[in-house]
Every structure is written in C-alpha cells, then in structure tokens.
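J.: model this:
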Amino acid sequence: MTPTIVLNEPLSQVSLLFVSSAMAFIAVALLLFSFQLVQLSKIEGAVPVSKLEKIGFVILIFGTIVLGIGVVLRGVAAGRVPWANMYEFAISTAFLILLIYLSAMKIKDLRFIATFISGFVLVTLFASVSLFYVEVQTMMPALQSYWLVIHVVVAILATGFFTVAAGLHIAYLVKASNRAKNLMDRFPSLEILERLAYRFNVVGFVQWSFTLIAGAIWAERAWHRYWGWDTKEVWTFIIWTLYAGYLHAMATRGWNGKRAAWLGLIAFLAVIFNFTIVNLFFKGLHVYSGL
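T.: Purely as a prediction, here's the structure:
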C-alpha cells in the first residue's frame, strides 16, 4: 500500500524565505567580488587577497548554507526529493554549483571566477523565484522511481561542473582578447585556464554520459522503451555530442585555444537552452516545468 504523502505548503513558504535570503547574501558577495575586480584593474603589481574578497567568500559560504536549508525544507514540504519541477531543479542546481565551486577552491585557486559563479547562481535563483515557483505538488507516476534520484542528481552535478568550466572559458576568451590587460594579467595563464576548463568538462561529461544512460533505463521502466526521440531526450543527446566533440577536438585534434573555448561555451548554452526553452515551450514526456 502506497503511503499517503502530506504536502506542506506553509513549510514550502518558509523554504522560499530561505531561498530569497540566500539570494540577498549572494548578491552582496557578487558586489564585493565585482568591486574587488575594479580595484585590481586600477592597481599595478602583486596584490594579496583583500579583506573585501575574504568577506565576500564568507558571505558566499553563508549564502550557500542558507540556500541548502531552503532546498532541504522544500523537499520536506513535498515529502520527496525536490527535483520534480523547474523551480525545484533550479534551486537544487544553484546550490550544487556553489558547493562544487567552493569545494574546488580547496584544490585550485579559482577566486578569479567568483564573480561569474555568484552572478550566474543569482540569475538562476531570481528566475526560479520570480518565474518558476509553484506550490508543492505530488509527483506524477512516471517520476515515482528511485531512478529519478539517480538520473537527476547526476544531471545536476554535471551542470555544476559545466558551469565552472564555462566561467573558465569566459576568463580565457577575455584574457586572449587582450582586453582589461592590467586586470587579466593577474589571472592564470591561458594554458592553465584551458587545462582547468578541460578537466571540469571531463568530469561533467562523464556525469552527463551517466545521465543519458540512467535516463534510458528510467524510460524503459516508465514507458517500456529506452529511446523515443522525445524532445528532452534529443537535447540531452545534443549536449552530450557537443561536449564529446569538444573533448575529442582537444584530446586528438589539437583543436584548442579560442575555438575550443567557444565550443565549450556553445555546449553550455545548449544546457541552459535544454533547461529553459525546452521545458517552457516544447511538448514531451520529459517536460516537467510544473507551470
């Protein structure tokens, strides 16, 4: 007998309050990171980590914790994992992007893309709260499977790694263009930026590959076929092909530099297109916008 799930919309509103509060903290961190970049562009010579930057990261970490609480509360309010619609997927993705970025900071110094990461997450959260928010709902039968947890969590993780790589691609292109030279001279070399972006894309690609495989298994369980040329399935495969092309070109063709950075960004834009335009304007079995 299937247990009765009690939806708790008041608790969902508390979750929304935490998510909105996290937006405020991340916005403050973004302002501090942006101000730090402006200051660096005006000063010549080596500059140590400033107090502004340190405060910015403390605020960003606190905002990440607050956002994580909001995501957990949303799941508790719905009585399930919070990944059943665009709002829940967006806030969960924003949380994991921050978590991946802050965790990677323990291994590599990625402070220079803090403005991009915090800005992208802020836009994602703003869109989720203002455009995608829906009240807690029961999950449709096709989603009631443990494959949802496996399929979606890996997709979210892959998106997090792709986002960090996109920030590195942008840094590469700006540095290679010789614009804001005084500022970009403080960034790592082009070779290091390219190598870091490649590594993050490799991890994201492996996870996206598993997303594709797990999605096919889930489709067989839900609709008794592994592949049906559904819109979401097609775009998931297009994204996989773009990143596979990027990695193949980098590894075997020596197709690096600006061309590789642009291809990586195009692949990342396909990820964003898949989440936004496909979910909002295309019909299909996989489209769960909730709107």
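J.: Could you chop this structure up by domain?
T.: 8-138, 140-291 (automatic domain parsing).
J.: what's the least confident stretch among the ones you listed?
T.: When the domains of the chain are compared by mean pLDDT, domain 140-291 comes last with a mean of 85.
J.: can you give me how far that one is from the chain middle?
T.: 9 Å (CA atoms, centre = their mean, to the nearest Å).
J.: follow-up on the earlier one: CSV for the domains of the chain, including mean neighbour count?
T.: Yep, even glycine has a C-beta here, placed from its N, CA and C like the rest. As requested, the domains of the chain are exported to CSV (neighbours: other CB atoms under 10 Å):
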stretch, mean neighbour count
domain 8-138, 18
domain 140-291, 18
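J.: All the helices of the stretch 151-291 of the chain, residue numbers only.
T.: Secondary structure of the stretch 151-291 of the chain (DSSP state H, counting those that start in this stretch): helices at 181-184, 190-223, 231-252, 258-275, 277-281.
J.: which residues touch the residue nearest to residue 59 when sequence neighbours are not counted?
T.: Leaving out its chain neighbours, the residue that sits closest to residue 59 by CB to CB, 6 or more residues apart in numbering is residue 29, at 4.4 Å. When contacts are counted by CB atoms under 8 Å, 6 or more residues apart in numbering, residue 29 touches 56, 57, 59, 60, 63, 114, 118.
J.: sec struct for residue 29, please.
T.: helix (DSSP: H, G, I helix; E, B strand; the rest coil).
J.: picking that back up, can you convert the helices of the stretch 151-291 of the chain into CSV and add a column each for distance to residue 75?
T.: Below are those laid out as CSV (distance: least, CB to CB, whole Å):
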stretch, distance to residue 75
helix 181-184, 41
helix 190-223, 19
helix 231-252, 23
helix 258-275, 19
helix 277-281, 20
